[in-house]
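Q: Structure for this input, please:
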Amino acid sequence: MADTILESLTARNIFDLRGVVAVVTGGGTGIGMMISSTLVANGATVYIIGPSQADLDKVCATYNAAAENVPTRGRMYGLEGDVRLKTEATRLAAEISKREKAITVLFNNAGINRGRYVRPPASATAADYVAACFDPITEDDFSDTLNTNAVGPYWLTFAFLPLLEAWKNVAVEAAKRFVPQIVMTSSMNGWTKDPATGGFSYPYLFSKSALGHATSSLAHELLPLGIRVNGIAPGLFATQMTTGASSPLGTSSLSSSFAEHLPFAVPTDSGVGSTRDMGSLALFLVVNWFVNGETVLIDGGTLLKHPSSY
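A: Reported below is the predicted structural model:
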């Protein structure tokens, strides 16, 4: 009896995602790639959504080749789509429904950071703030950022609800082990009071604040369906958004001087989160039945050093 209990609690059993079907927006780069590659490594079928089919196909081909002869690994498929649009949310859900009877988890992860400004000095006047925070920021900076980061997840959440609900009744063994869920990638910057941690972009800070609140609100709304909604609030990770550099695998690397030029301090030895950090959190949320309506902060302690409301 004890042997059976201990075996059931091993990492290889808890995190065996064979049979799981996941959708990850922005899944071909950055944090989305950290999530999707970890899911595939543990057996899941993963659909990654991004703006370029050619780029998605390259990433999928590379990872699928590596998974080809390993029975515990899953597969990755790319779908081009514009997550800002309601019509695209409907189309993407319909496309995946042609291939899958149900999905286990939707990661609303895609995000952009636009409308950055240069903070005026302490001696600045009101006119200086207008010149920094108002004049160079466009209406498109706000609309594109809000639509990508906050409005798009709303459209996608409801477009994919039937596939998530269907997971509870699909005739696969994994449906007994995993419950349907939506995971939002917010940011520590949804709670920070210091715009330095968000790259000095108010469109970005506003959008992530909205998504953080939407996570708990939607979790409450969807209680009758038994579909959980949780969030991830990353701090600094090595992504194309933060470093400007990416590889054909959708990963990014840091230059040796990167941390030296940060406008804020990350109180960890590495100073930046890794794929293992993000991937292990994604695994935890997928397999855990008992977390709902929460956003998990994963920032290396950054908000312990900067004023926030988290």
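Q: Find the residue at the geometric middle of this protein.
A: Averaging the C-alpha coordinates of the chain gives a centre point, and the residue nearest to it by C-alpha atoms, centre = their mean is Asn109 (3.1 Å).
Q: doesn't Gly28 make contact with it?
A: No: the criterion here is C-beta atoms under 8 Å, and Asn109 misses it with Gly28 at 10.5 Å. Using the backbone N, CA and C atoms, a C-beta is placed for each residue, glycine as well.
Q: for the stretch 201-310 of the chain, what spans make up the helices?
A: Using DSSP state H, counting those that start in this stretch, the helices found in the stretch 201-310 of the chain span residues 202-221, 240-243, 275-287, 302-305.
Q: and these, which is most packed in?
A: Mean neighbours per residue, mean count of other C-beta atoms under 10 Å, is largest over the helices of the stretch 201-310 of the chain for helix 202-221, with a mean of 21.
Q: other SSEs contacting it?
A: Helices and strands touching helix 202-221, by 3 or more C-beta pairs under 8 Å, 6 or more residues apart in numbering; DSSP states H and E, are helix 139-146, helix 152-159, strand 181-185, strand 228-234, strand 295-298.
Q: Might you calculate how far it sits from the centre of the chain?
A: Remark: helix 202-221 is offset 13 Å from the chain centroid, using C-alpha atoms, centre = their mean, to the nearest Å.
Q: Just the C-alphas of that helix, formatted as PDB.
A: Below are the C-alpha coordinates for helix 202-221, written out as PDB (Å, rounded to 0.1, in the frame of the first residue of the first chain):
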ATOM      1  CA  TYR A 202       2.200  52.800 -19.100                       C
ATOM      2  CA  PRO A 203       0.300  51.000 -21.800                       C
ATOM      3  CA  TYR A 204       2.000  47.800 -20.700                       C
ATOM      4  CA  LEU A 205       1.400  48.500 -17.000                       C
ATOM      5  CA  PHE A 206      -2.200  49.300 -17.600                       C
ATOM      6  CA  SER A 207      -2.800  46.200 -19.700                       C
ATOM      7  CA  LYS A 208      -1.200  43.900 -17.100                       C
ATOM      8  CA  SER A 209      -3.100  45.400 -14.300                       C
ATOM      9  CA  ALA A 210      -6.300  44.800 -16.200                       C
ATOM     10  CA  LEU A 211      -5.400  41.200 -16.900                       C
ATOM     11  CA  GLY A 212      -4.500  40.500 -13.300                       C
ATOM     12  CA  HIS A 213      -8.000  41.700 -12.100                       C
ATOM     13  CA  ALA A 214      -9.700  39.800 -15.000                       C
ATOM     14  CA  THR A 215      -8.100  36.500 -13.800                       C
ATOM     15  CA  SER A 216      -9.800  36.500 -10.500                       C
ATOM     16  CA  SER A 217     -13.100  37.900 -11.900                       C
ATOM     17  CA  LEU A 218     -13.200  35.200 -14.600                       C
ATOM     18  CA  ALA A 219     -12.400  32.500 -12.100                       C
ATOM     19  CA  HIS A 220     -15.500  33.500 -10.200                       C
ATOM     20  CA  GLU A 221     -17.600  33.800 -13.300                       C
END
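Q: what's the angle from it to strand 181-185?
A: Angle, helix 202-221 to strand 181-185, by axes from the mean of the first three to the mean of the last three C-alpha atoms, to 10 degrees: 160 degrees.
Q: residues making contact with helix 202-221?
A: Contact partners of helix 202-221, identified using C-beta atoms under 8 Å, 6 or more residues apart in numbering, comprise 108, 111-115, 117, 133, 137, 141-142, 145-146, 148-150, 153-154, 157, 182, 184-187, 189-192, 195, 198, 228-231, 233, 292-295.
Q: do the same with stretch 295-310
A: Under C-beta under 8 Å, 6+ apart, the answer for stretch 295-310 is 184, 186, 188, 190-194, 196-197, 212, 215-216, 230-236, 264-268, 270-273, 277-278, 281, 285.
Q: Pull that stretch out as PDB, backbone CA atoms only.
A: Provided in PDB are the C-alpha atoms of stretch 295-310 (Å, rounded to 0.1, in the frame of the first residue of the first chain):
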ATOM      1  CA  THR A 295      -2.000  34.800  -9.800                       C
ATOM      2  CA  VAL A 296       1.400  33.400  -8.900                       C
ATOM      3  CA  LEU A 297       4.200  36.000  -8.600                       C
ATOM      4  CA  ILE A 298       7.500  34.700 -10.000                       C
ATOM      5  CA  ASP A 299       9.800  37.600  -9.900                       C
ATOM      6  CA  GLY A 300      12.900  36.600  -8.000                       C
ATOM      7  CA  GLY A 301      11.900  38.800  -5.100                       C
ATOM      8  CA  THR A 302      11.800  42.000  -7.200                       C
ATOM      9  CA  LEU A 303       8.700  43.400  -5.700                       C
ATOM     10  CA  LEU A 304      10.200  42.900  -2.200                       C
ATOM     11  CA  LYS A 305      12.500  45.800  -3.200                       C
ATOM     12  CA  HIS A 306      10.100  47.900  -5.100                       C
ATOM     13  CA  PRO A 307       6.800  49.500  -3.900                       C
ATOM     14  CA  SER A 308       3.900  47.400  -5.000                       C
ATOM     15  CA  SER A 309       0.300  46.400  -4.100                       C
ATOM     16  CA  TYR A 310       0.900  42.600  -4.600                       C
END
